[in-house]
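K.L.:
what's the 3D shape of this:
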Amino acid sequence: MTPIDKLFAIEELKQLKARYFRYIDTKDWSGFAGLFADDAVFDITDDVPGCVLTGPAKIAELPARQLSDAVTVHHGHCPEINITSDRSANAVWAMEDRIWWAEGSSSPVGSLQGYGHYFETYERIDGRWFIKSMRLRRLRVDVEPRAKDPNGT
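P.N.:
All right, here's what the predicted structure looks like:
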């Protein structure tokens with residue numbers, strides 16, 4: 001790849017990751033699933049011990065269920081993107097997320113603020129980049145418990 005081709009690929013990957021965050025926050029689960037390669041793997045064992053999701057449908061199903069009654073804000077920063085071929089790349093993204101669960105939610109947590117990094121690989125298929133693998137590693141998570149109502153429940 002020429003240097004210009006690499007820069008163009010880097011920009012495409014930044015756009016892919018921007019859609020990832022926007023689709024989570026707007027709860028566009030169909031769009032979210034469409035970002036992943038058919039055999040994609042997402043390791044979220046820092047959030048859910050032992051949880052490694054495979055395939056776009058499974059990757060989208062868990063957050064769709066866990067965040068159905070939450071407002072979320074996800075940010076990705078400082079991408080370190082390495083184009084390894086015309087069909088593959090990898091990256092590390094610094095991240096921060098905020099989640100507020102609705103009053104009456106079944107979540108035991110009221111809100112969460114997390115910090116960490118995404119470690120990702122990408123594959124270009126038919127001229128379009130997809131997420132091939134993701135691993136979320138958290139550095140810190142600040143949790144606010146659910147507020148008790150005046151009746152003490």
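
K.L.:
ranges for the helices of the protein?
P.N.:
For the chain, the helices defined by DSSP state H cover 3-26, 29-33, 56-66.

K.L.:
and of these, who's closest to Glu80?
P.N.:
helix 3-26 (10.4 Å; Cβ to Cβ). (C-beta placed from N, C-alpha, C; glycine too.)

K.L.:
mind listing what's buried in that closest one?
P.N.:
Under the neighbour-count criterion of 16 or more other Cβ atoms under 10 Å, helix 3-26 has Ala9, Ile10, Glu12, Leu13, Leu16, Lys17, Tyr20, Phe21, Tyr23, Ile24, Asp25 buried.

K.L.:
ok, now stretch 114-122?
P.N.:
For stretch 114-122, a neighbour-count test (16+ other Cβ under 10 Å) marks Gly114, Gly116, His117, Tyr118, Phe119, Glu120, Thr121, Tyr122 as buried.

K.L.:
Output these in TSV; the columns should cover distance to Ser107.
P.N.:
Below are those laid out as TSV (distance: Cβ to Cβ, whole Å):
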residue	distance to Ser107
Gly114	15
Gly116	20
His117	24
Tyr118	23
Phe119	27
Glu120	27
Thr121	31
Tyr122	32
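
K.L.:
one step back: turn the buried residues of helix 3-26 into JSON lines, columns for distance to Asp97 and pLDDT.
P.N.:
Shown next, in JSON lines, are the buried residues of helix 3-26 (distance: Cβ to Cβ, whole Å; pLDDT from 0 to 100):
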{"residue": "Ala9", "distance to Asp97": "26", "pLDDT": "98"}
{"residue": "Ile10", "distance to Asp97": "23", "pLDDT": "98"}
{"residue": "Glu12", "distance to Asp97": "23", "pLDDT": "98"}
{"residue": "Leu13", "distance to Asp97": "20", "pLDDT": "98"}
{"residue": "Leu16", "distance to Asp97": "18", "pLDDT": "98"}
{"residue": "Lys17", "distance to Asp97": "13", "pLDDT": "98"}
{"residue": "Tyr20", "distance to Asp97": "12", "pLDDT": "98"}
{"residue": "Phe21", "distance to Asp97": "9", "pLDDT": "98"}
{"residue": "Tyr23", "distance to Asp97": "14", "pLDDT": "98"}
{"residue": "Ile24", "distance to Asp97": "9", "pLDDT": "98"}
{"residue": "Asp25", "distance to Asp97": "9", "pLDDT": "98"}
